[in-house]
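>>> Mind looking at a prediction? Sequence and model below.
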Amino acid sequence: MELGEKIGLDHFTPIRPLGFGDTGSVHLVELKNTGELYAMKAMDKSVMLNRNKVHRACIEREIISLLDHPFLPTLYASFQTPTHVCLITDFFPGGELFALLDKQPMKIFKEETARFYAAEVVVGLEYLHCLGIIYRDLKPENLLLQKDGHIVLSDFDLSFLTSCKPHVLKHPLPTKRRRSRTQPLPTFVAEPTTQSNSFVGTEEYIAPEIIAGTGHSSAIDWWALGILMYEMLYGRTPFRGKNRQKTFANILHKDLTFPSSIPVSLAARKLINALLHKDPTNRLGSNSGANEIKKHPFFQGINWPLIRCQKPPLLDVPLQFIGRERDPKDKDVEWEDELLPSLEVY
C-alpha cells in the first residue's frame, strides 16, 4: 500500500464474520501484507434505503469519527462500494460482555466484577455526554472486551448527536460555624440537555420516558446503566414481561424488586434503585451527570483517574478470545464481485 493511497475494500482480506445486524454485517478483516486485524462494518445501501436508515448510518460514522477514548472504538477508514458503506474500526478479541456473562455460573458476575465493568461504562458514558452524544443503546451485547479485559462501548447507530455545554459548578464555602480545612472542589458537569422524541432502544433497556413519549435526554443512559447492573448481578433484567407490551407496562408501572435468593450488597441495590427512578428529573446522574454516580458508596475504592490501568478482576469462567480460526458454522467468506471496486474515501 502506497502513501496517500485511498483505502478500499480490496486492501482487506476477509477472515471471518463477527456478527450480523439490522442493516448489514461485521467482519474480521486483515489489512493486506501487514498482519493487522480490524473489524469492518458493512452496511447494505439498499436495506438502509428501504428501512429509512441512511441518516442513522451517517450519524454513526460521524459519531465514531469524533471518538478518542480508551473505552470507545477508533474509526480508521470509511469507504463505499456500489452496494455497501464500510467502516473500519478496532477489532476487540474478547467478544461481547453478553457472551461472557452467559458463561458464568448462574449467568451472573461477582459484585467486584460488576463494579469494574459498571465503572468503565460510567467513564465511557461521561465522555460521550461531554461530546453531546446520547448513547441510547447500552446493553451487554454492545459492550465488547479488549485483549486486556477492559470494555469498549460499541454500535452507535441509535445514538443521538446534539450539543453539550460543559460547565463547572462551584460549591459554596462552609459557614464560619462549620469551618473546614479543605474547600469543596468544583464539580465538572457535561450532560446534553437537548430532548429527543425518537422511539429507540432495546426492549428491556428502554427508559420509561421513551415509552411515554414525553421526550428524553441523557438520563436514559443512566437508566440503562441501572438495568445493566441489575442484569450483571441477578442474571436477568428487572422488568421483562411475557411479551413486548407487558415489558413496557412493567417499565412504566411495576415497582423495582430484588430477588432475595441472590446476595447483593445494600450499596449495589441502592445504586440500582437510584438509577432506575422512573422520573428522569429525580434519577441519579440527571442533574450533575457522572459525578453523582462516581460518588456513590458502591464505587468506593475505584481510582477513577487511573481506571484504565486497573487490572480486571478474575472471572469464574475466564475470558476466551476470538481468533483468526474460523468457526465451522461460518459461511465461506469472500468479497462479492459488486463489493470489490475500491471507491474513494468519503
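Yep, it's here. None of the values given here were measured: they were computed from a predicted structure. Numbers count the residues shown, from 1 in each chain.

>>> in the stretch 151-300 of the chain, which spans are strands?
Using DSSP state E, counting those that start in this stretch, the strands of the stretch 151-300 of the chain run over residues 151-153, 160-161, 167-169, 187-189.

>>> Pipe those strands into a markdown table and attach mean pLDDT, distance to residue 54 and mean neighbour count per row.
To be clear about C-beta, it is placed using only N, CA and C from the backbone, and glycine gets the same treatment. Compiled in a markdown table, the strands of the stretch 151-300 of the chain are given as follows (pLDDT from 0 to 100; distance: least, C-beta to C-beta, whole Å; neighbours: other C-beta atoms under 10 Å):
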| stretch | mean pLDDT | distance to residue 54 | mean neighbour count |
| --- | --- | --- | --- |
| strand 151-153 | 98 | 23 | 23 |
| strand 160-161 | 92 | 15 | 20 |
| strand 167-169 | 75 | 35 | 11 |
| strand 187-189 | 75 | 34 | 16 |
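
>>> Let's have the ones you listed in TSV, adding distance to residue 48.
What follows is these, written out as TSV (distance: least, C-beta to C-beta, whole Å):
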stretch	distance to residue 48
strand 151-153	22
strand 160-161	18
strand 167-169	37
strand 187-189	36
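
>>> Would you point out which residue is most central in the chain?
residue 153 (3.3 Å; C-alpha atoms, centre = their mean).

>>> Listing request: residues of the stretch 101-250 of the chain with sub-threshold pLDDT.
167, 173-183 (pLDDT under 70).

>>> The residue nearest to the centre of the chain contacts residue 139, doesn't it?
No - contact between residue 153 and residue 139 fails when scored by C-beta atoms under 8 Å: they sit 10.4 Å apart.

>>> tell me, how many neighbours does residue 277 end up with?
19 (other C-beta atoms under 10 Å).

>>> for it, what are its contacts?
283, 284 (C-beta atoms under 8 Å, 6 or more residues apart in numbering).

>>> Tell me the pLDDT of it.
What the model reports as pLDDT for residue 277 is 98.

>>> and the gap between it and residue 208?
9 Å (C-beta to C-beta, to the nearest Å).

>>> Beta-bridge partners for residue 27, please?
Under the criterion DSSP bridges, residue 27 forms beta bridges with residue 17, residue 40.

>>> Would you check that it makes contact with residue 16?
Yes - assessed by C-beta under 8 Å, residue 27 is found in contact with residue 16 at 7.1 Å.

>>> which one of the strands of the stretch 151-300 of the chain lies closest to residue 5?
Taking C-beta to C-beta, strand 151-153 is the member of the strands of the stretch 151-300 of the chain nearest to residue 5, at 28.5 Å.

>>> who does that closest one touch, helix- and strand-wise?
helix 111-130, strand 143-145 (3 or more C-beta pairs under 8 Å, 6 or more residues apart in numbering; DSSP states H and E).

>>> Cheers, nothing more for now.
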